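1. following is a predicted model, sequence given first.
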Amino acid sequence: MSQSTEVAVLGGGCFWCVEAVFKDLRGVVSVLPGYAGGHVDNPTYEQVCNKDTGHIEVARVEFDPAELSFSDLLRVFFATHDPTTPGRQGNDVGPQYESAIFWQDETQRDQAQAIIDEVNAARIYDAPIVTKLLPPAHFWQAEDYHRDYFALHPDQGYCQFVIAPKVAKFRKQFHDRLSR
């Protein structure tokens, strides 16, 4: 990471969805799927799916704050997943699918809380935000086959029925912020 970029670590359900959305956002330098917050070193996907590692599926988003503020990145985050259901995103159920922000410093923590307050006040959702604000945690990169999953497997069922609609919603709502 260079001096001019920042990192956000976000859990918004399946990391394939989070990666697919943020890869298209102008100001994002890179997105990596992985795991954070648990007690198992170098976890595998299978271990995390067993629901006993404490890890959350996350995306590590490196971004240029001169082009994209952390607050605007979080506005996209909250618009592209359901932050009101603990341990669940659609049919994906389990502690690894928590909505979470692993803040990297006190400024990010404060900005994240401000955006949560903003989204709650706007009554965008019928229920309050349950997104966990968690301290920095070691990021464990997911296995290579998870990287660019949506781009590499657009015809796969999960990609067509879960990821594609999220990406389409993002592209429609944030068309002015697309990288391409």
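-> Sure, I can see it.

2. longest single helix anywhere in this structure?
-> The longest helix of the chain (DSSP state H) is helix 106-122.

3. for that one, buried residues please.
-> For helix 106-122, a neighbour-count test (16 or more other Cβ atoms under 10 Å) marks 108-109, 111-112, 115-116, 119-120 as buried. In this view, the C-beta of every residue, glycine as well, is placed from N, C-alpha and C.

4. could you pull out the helices in the chain for me?
-> According to DSSP H, the helices that the chain contains are 15-23, 45-49, 70-79, 106-122, 149-152, 157-158, 164-173.

5. among those helices, show me which one is buried the most.
-> Most buried of the helices of the chain by mean neighbour count (mean count of other Cβ atoms under 10 Å) is helix 15-23; its value is a mean of 26.

6. reformat the helices of the chain as CSV; add mean pLDDT and distance to N91.
-> Converted to CSV, the helices of the chain look like this (pLDDT from 0 to 100; distance: least, Cβ to Cβ, whole Å):
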stretch, mean pLDDT, distance to N91
helix 15-23, 94, 12
helix 45-49, 95, 14
helix 70-79, 96, 20
helix 106-122, 97, 24
helix 149-152, 94, 17
helix 157-158, 92, 9
helix 164-173, 92, 13
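
7. those: which one's closest to W140?
-> helix 45-49 (9.2 Å; Cβ to Cβ).

8. residues in contact with the closest one?
-> Contact with helix 45-49 is made by 35, 38, 40, 53, 55, 57, 94, 96, 142-143, 146, as judged by Cβ atoms under 8 Å, 6 or more residues apart in numbering.

9. over to stretch 69-79?
-> 6, 8, 10, 12, 18, 21-22, 25, 27-28, 61, 63, 101, 107-108, 111-112, 114-116, 119, 124, 129, 131, 169-170, 173-174, 177.

10. next one: that stretch to chain centre, how far?
-> For stretch 69-79, the separation from the chain centroid amounts to 10 Å (computed by Cα atoms, centre = their mean, to the nearest Å).

11. what's the answer for stretch 63-78, then?
-> 12 Å.

12. check stretch 35-42 too.
-> 16 Å.

13. tell me how far the ends of that stretch are from each other?
-> Distance across stretch 35-42, first residue to last, is 9 Å (Cα to Cα, to the nearest Å).
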